[in-house]
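Q: dropping a prediction and its sequence here:
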Amino acid sequence: MKRLAAAVISALALTGSAGADIFTIVPSTPGTPAAGLPSADTPNAPGAIAFSLTPPALPEVLSYPQLLAIWQQAGAAYGIQWQVIAAINKVESNFGRNMGPSSAGAIGWMQFMPSTWERWGVDANGDGVADPWNAQDGISAAARYLAASGGRTDIAGAVFSYNHAQWYVDEVLQLARLFGSGGVDTTFTLDRLQVSLDHARAAVVHANRRVVAAERIFRVRLARESALRGRAARARTLSDRLALDKRAVQAGVGRAATKARVAGLREVLSKARTDLASARDRSLASSFSPTAGTLLGAPSYAGNYVFPVGGGPSVVSVSHHHHDYPAADIAAPLGSPVYALADGVVLRSWQYPDPRCGIGMTIHTADGQTWTYCHLSYLDPALKAGVALSAGQQIGLVGMTGDATGPHLHLQLDPTVSYPQLQPWFQRFANVAFRWQDAGHPADTAPQTGGQVFAVVSAQAPQASGPVVLFTR
């Protein structure tokens, strides 16, 4: 850990524009890559390579030394720094863990579009197939493509050609700089920390989902038992009362068994929460570097504000518009960390999913505004009404509870007078903590509804507990 902290400090000391030519690259002789590899000067002729668009049944899993050797061999073959290739590999497929196909159709270790792979794909392992799902082929093809895009002399421009977005160039080159300053130890230590955090977050999401499901059954059985006891009390004949009492007792046995199951599942959840806290503690030293912090999902600060979802623009995105009323749907992978966006106080919170908002809370921030968070997969149970929050304090994990079609954090002002995306603090995080999903801007006009979209009502039904948050249309 001391070595990692030293590497982080070293990385912080490296300043300057991420778009600058920050790497010293010794060009290979144009047109003469390593033996057997095609030149970067010209693309493949149509039909020149055999390849498959179908992912393998068993994805290739490589050790860290094997990965390093492939990055270095591909980089040396085409005159590209291995750290840049490693950074692209990390951002694109998380070192081969997420090989797609992506929503855009990109595939394999380095996430090539099929048409681009046909032109620049490489059979680096000599098996007769240029396979994007093979690490050696995919990584070598990425190095070739970067070289063909001018990467021997202008690495920023080459990375931009790989993905036409400045946030992407910044993220890749900052990560490559961190890998270069800290060396192999930092490269793989950061990956181990991220994997540990991802597994711990996934365990909390899974455990909380089981708790919620068991609680749902418990509430149904409790309501049934209560209804039977009420009917027994109102029965006009002794025989009816005894029959209903018997059914109520049977329902009570089921309710008690479910209650015990809930208690057991809560112990599992408590253990998962403890493991997640330990994983966060282990990653704390690395999170002080903005680049490593993005990789680890640490909070991103700008003045008195924090972007409410961690992970950075490669995985977090926001549309300028919302489908129904002024709000922000912040898309992010399931289990991504959710943070308090500013200092504030919890007004309401609900651990059991509301039919529309799911798991969430409402906070009043120090700037005088009130915000509602929705669709969390998990909310810290300590966040009750009246609890003070600090900007950047982790409050839960991204989910899709309630009326949600995919994992995201729904963020809205109460009342919904304007889009959160219009606020200057939100816009300062664009291409730093998130990327825009579209090119438009929300209309700076009166919203479709002038009142609260989520209305808080008192709990009346037996299956409810505490305030319930409901949509108004």
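A: Arrived safely, thanks for sending.

Q: which residue is nearest the middle of the protein?
A: residue 333 (3.2 Å; Cα atoms, centre = their mean).

Q: ok but it is inside a strand, no?
A: No - counting by DSSP: H, G, I helix; E, B strand; the rest coil, residue 333 is not found in a strand; it is coil.

Q: OK, contacts around it?
A: When contacts are counted by Cβ atoms under 8 Å, 6 or more residues apart in numbering, residue 333 touches 311, 315, 398, 407. Placement of C-beta: from N, CA and C, glycine included.

Q: highest neighbour count among the residues you listed?
A: Comparing the contacts of residue 333 on neighbour count, residue 398 comes out first with 28 neighbours (neighbours: other Cβ atoms under 10 Å).

Q: kindly list the main-chain dihedrals of the residue lying closest to residue 172 once chain neighbours are set aside?
A: Ranked by Cβ to Cβ, 6 or more residues apart in numbering and with sequence neighbours excluded, the top spatial neighbour of residue 172 is residue 87, at 4.7 Å. Phi and psi for residue 87, reported as degrees, to the nearest 10, are phi -60, psi -40.

Q: just to check, residue 87 is in contact with residue 173?
A: Yes - using Cβ atoms under 8 Å, residue 87 is in contact with residue 173, at 7.3 Å.

Q: just to revisit the earlier point, just the pLDDT at the residue nearest to the centre of the chain, thanks.
A: With respect to pLDDT, residue 333 scores 96.

Q: and it, how far from residue 179?
A: Separation of residue 333 from residue 179 (Cβ to Cβ, to the nearest Å) stands at 22 Å.

Q: direction included, what does the longest strand anywhere in the chain pair against?
A: Longest strand in the chain, counting residues (DSSP state E): strand 344-354. Sheet pairing here is set by DSSP bridges, and for strand 344-354 it gives strand 358-365 (antiparallel), strand 388-389 (antiparallel).

Q: how about residue 214: what's its closest non-neighbour residue?
A: residue 262 (4.7 Å).

Q: elements contacting the host helix or strand of that neighbour?
A: Using DSSP states H and E, residue 262 falls within helix 238-287. Under the contact definition 3 or more Cβ pairs under 8 Å, 6 or more residues apart in numbering; DSSP states H and E, helix 238-287 sits against helix 2-13, helix 166-234, helix 290-296.

Q: so the following helix or strand past the first one versus helix 166-234, what angle?
A: Next in sequence after helix 2-13, counting helices and strands by DSSP H and E, comes helix 64-78. Per axes from the mean of the first three to the mean of the last three Cα atoms, to 10 degrees, the angle that helix 64-78 makes with helix 166-234 is 150 degrees.

Q: quick one: list the elements packing against helix 64-78.
A: Helix 64-78 packs on helix 82-93, helix 135-148, helix 166-234, going by 3+ Cβ pairs under 8 Å, 6+ apart.

Q: give the rounded mean pLDDT of the second one.
A: Same thing as helix 135-148. Average pLDDT, helix 135-148: 97.

Q: circling back: redo the contacts of residue 333 as JSON lines? Include secondary structure and distance to residue 98.
A: Output for these, formatted as JSON lines (DSSP: H, G, I helix; E, B strand; the rest coil; distance: Cβ to Cβ, whole Å):
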{"residue": "311", "secondary structure": "coil", "distance to residue 98": "13"}
{"residue": "315", "secondary structure": "coil", "distance to residue 98": "10"}
{"residue": "398", "secondary structure": "coil", "distance to residue 98": "16"}
{"residue": "407", "secondary structure": "coil", "distance to residue 98": "14"}
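
Q: out of those residues, who's nearest residue 110?
A: Ranked by distance to residue 110 (Cβ to Cβ), the contacts of residue 333 are led by residue 315 at 17.0 Å.

Q: quick check, that closest one in contact with residue 334.
A: No - at 10.9 Å, residue 315 does not count as touching residue 334 under the criterion of Cβ under 8 Å.

Q: how many other residues sit next to the residue lying closest to residue 282 once chain neighbours are set aside?
A: In space, residue 282 comes closest to residue 193 once its chain neighbours are excluded; the distance is 6.3 Å by Cβ to Cβ, 6+ apart. Per other Cβ under 10 Å, the neighbour tally for residue 193 reads 22.

Q: what do you get for residue 120?
A: So residue 120, with other Cβ under 10 Å, has 23 neighbours.

Q: which ones are touching it?
A: 43-44, 112, 141, 144-145, 148.

Q: how about residue 404?
A: By Cβ under 8 Å, 6+ apart, residue 404 lies in contact with 358, 374-375, 410.

Q: ok, it to residue 373 distance?
A: For residue 404 relative to residue 373 (Cβ to Cβ), the value is 12 Å.

Q: so which of the contacts of residue 120 comes closest to residue 306?
A: Distances from residue 306 to those, taken by Cβ to Cβ, are shortest for residue 112, at 35.1 Å.

Q: ok, now which ones touch the closest one?
A: Per Cβ under 8 Å, 6+ apart, neighbours of residue 112: 106, 120-121, 132, 138, 141-142, 145.

Q: ok, residue 358 touching residue 373?
A: No - with contact defined as Cβ under 8 Å, residue 358 does not reach residue 373; the gap is 9.7 Å.

Q: count the residues that sit near residue 126.
A: Neighbours of residue 126 (other Cβ under 10 Å): 10.

Q: from memory residue 400 sits against residue 406, does it?
A: Yes - the pair residue 400 / residue 406 is scored as a contact, 5.9 Å apart, by Cβ under 8 Å.

Q: more crowded one of the two?
A: Taking neighbours as other Cβ under 10 Å, residue 400 and residue 406 compare with residue 400 leading, 15 against 10.

Q: what pLDDT does the more buried one get?
A: For residue 400, pLDDT reads 97.

Q: picking that back up, including distance to residue 69, could the contacts of residue 112 go into JSON lines?
A: Output for these, formatted as JSON lines (distance: Cβ to Cβ, whole Å):
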{"residue": "106", "distance to residue 69": "25"}
{"residue": "120", "distance to residue 69": "22"}
{"residue": "121", "distance to residue 69": "20"}
{"residue": "132", "distance to residue 69": "19"}
{"residue": "138", "distance to residue 69": "14"}
{"residue": "141", "distance to residue 69": "17"}
{"residue": "142", "distance to residue 69": "15"}
{"residue": "145", "distance to residue 69": "20"}
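
Q: what about those, which one has the most neighbours?
A: residue 141 (33 neighbours).

Q: how about the nearest residue to that residue once chain neighbours are set aside, what does it touch?
A: Distances taken as Cβ to Cβ, 6+ apart put residue 122 closest to residue 141, at 4.3 Å, once the chain neighbours are dropped. Residues near residue 122 by Cβ under 8 Å, 6+ apart: 37-38, 130, 137, 140-141, 144.

Q: what are the phi and psi angles of residue 122?
A: Torsion angles, degrees, to the nearest 10, at residue 122: phi -130, psi 140.
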